[in-house]
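In: the following block contains a protein sequence and its predicted model.
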Amino acid sequence: DQQVKQNSPSLSVQEGRISILNCDYTNSMFDYFLWYKKYPAEGPTFLISISSIKDKNEDGRFTVFLNKSAKHLSLHIVPSQPGDSAVYFCAASASGGTSYGKLTFGQGTILTVHP
Amino acid sequence: GAVVSQHPSWVICKSGTSVKIECRSLDFQATTMFWYRQFPKQSLMLMATSNEGSKATYEQGVEKDKFLINHASLTLSTLTVTSAHPEDSSFYICSAMRQVSYNEQFFGPGTRLTVL
């Protein structure tokens, strides 16, 4: 039962253009969402997060949008740079009680930004 | 950001042996550490939550006698895969929380386990 899904295994974008990575979830208890970036042989590094009380969070070139009714979130990277090429993981959590900190991950999307 | 290390980075062992993987927070004390497992081209699956000085909490379907977790200090958690079999071959990755904040959870580089 995959509660967090990233349906696009890969995405290829030209440098300078927008990259849009999508993520869907099924568990209504999820109330906190995060995006991580992962390079080969390294652990995921935190990029940006959003709480369910918001529908948008922005940090520099990165913006995360949350559509709770559709149980969908997306990560926008503008403008995309070759250094953004990596695997991007969407993660979700139900922050209440003993679940705090526990993350449910999507399968990841490989982003390739071409010069 | 804070640094989390794992040792070893890769290990090959024979079926039936036990393997210990260490997870260390190098420059901070971790209130909580988590252990994940990742199969090829799949997501990271949470195995257990580890708090210093108390028993680990395992996720449904994870055998606690198979995957022994010890959280001896605020900077070290170990995962021991006991009596390993080829189906235990996987990528094991830990994370550590510096504070009680999602944005303060840092991941180690992972350990590749291959059981022959």
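Out: Yes, it's here. Residues are numbered from 1 along each chain as shown, chains lettered A, B, ... in the order given.
In: the residue in chain B positioned nearest to chain A pairs with what?
Out: Residue nearest to chain A within chain B (Cβ to the nearest Cβ): B:Phe107, separated by 3.2 Å. Quick note: C-beta positions are derived from backbone N, CA and C, even for glycine. Assessed by DSSP bridges, B:Phe107 has beta-bridge partners B:Ser95.
In: contacts only, for it.
Out: B:Phe107 makes contacts with A:Tyr36, A:Gly43, A:Pro44, A:Thr45, B:Val4, B:Ile93, B:Cys94, B:Ser95, as judged by Cβ atoms under 8 Å, 6 or more residues apart in numbering or on different chains.
In: what would those residues look like in CSV with pLDDT and neighbour count?
Out: Output for the contacts of B:Phe107, formatted as CSV (pLDDT from 0 to 100; neighbours: other Cβ atoms under 10 Å in any protein chain shown):
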residue, pLDDT, neighbour count
A:Tyr36, 96, 24
A:Gly43, 87, 21
A:Pro44, 92, 29
A:Thr45, 92, 13
B:Val4, 94, 25
B:Ile93, 96, 25
B:Cys94, 96, 30
B:Ser95, 95, 24
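In: between those, which is nearest B:Asp27?
Out: B:Val4 (9.4 Å; Cβ to Cβ).
In: I'd assumed B:Phe106 was in contact with the closest one.
Out: Yes - at 4.9 Å, B:Val4 and B:Phe106 qualify as touching, with contact defined as Cβ atoms under 8 Å.
In: overlap in contacts, these two.
Out: Contacts common to B:Val4 and B:Phe106, judged by Cβ under 8 Å, 6+ apart, are A:Gly43, B:Ser25, B:Ser95, B:Ala96.
In: helix, strand or coil for the residue nearest to B:Ser83 when sequence neighbours are not counted?
Out: Of all residues not flanking B:Ser83 in the chain, B:Gly16 sits nearest, at 5.7 Å (Cβ to Cβ, 6 or more residues apart in numbering or on different chains). Three-state assignment for B:Gly16 (DSSP: H, G, I helix; E, B strand; the rest coil): coil.
In: and B:Gly16, how many neighbours does it have?
Out: 10 (other Cβ atoms under 10 Å in any protein chain shown).
In: now A:Pro82
Out: Neighbours around A:Pro82, by other Cβ under 10 Å: 10.
In: so it touches A:Val113, yeah?
Out: Yes - A:Pro82 is within contact range of A:Val113, at 5.0 Å (criterion: Cβ under 8 Å).
In: what touches both of the two?
Out: A:Glu15.
In: ok, the residue in chain A that chain B sits nearest to - contacts?
Out: Nearest residue of chain A to chain B: A:Gly43, at 3.2 Å (Cβ to the nearest Cβ). Neighbour list for A:Gly43: B:Val4, B:Ile93, B:Ser95, B:Phe106, B:Phe107, B:Gly108, B:Pro109, B:Gly110 [criterion: Cβ under 8 Å, 6+ apart].
In: just send those back as CSV, with distance to B:Ser54 too.
Out: CSV is the format used below for those (distance: Cβ to Cβ, whole Å):
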residue, distance to B:Ser54
B:Val4, 20
B:Ile93, 22
B:Ser95, 18
B:Phe106, 21
B:Phe107, 22
B:Gly108, 21
B:Pro109, 26
B:Gly110, 25
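In: out of those, which is nearest to A:Phe30?
Out: Nearest member of those to A:Phe30, counting by Cβ to Cβ, is B:Ser95, at 18.0 Å.
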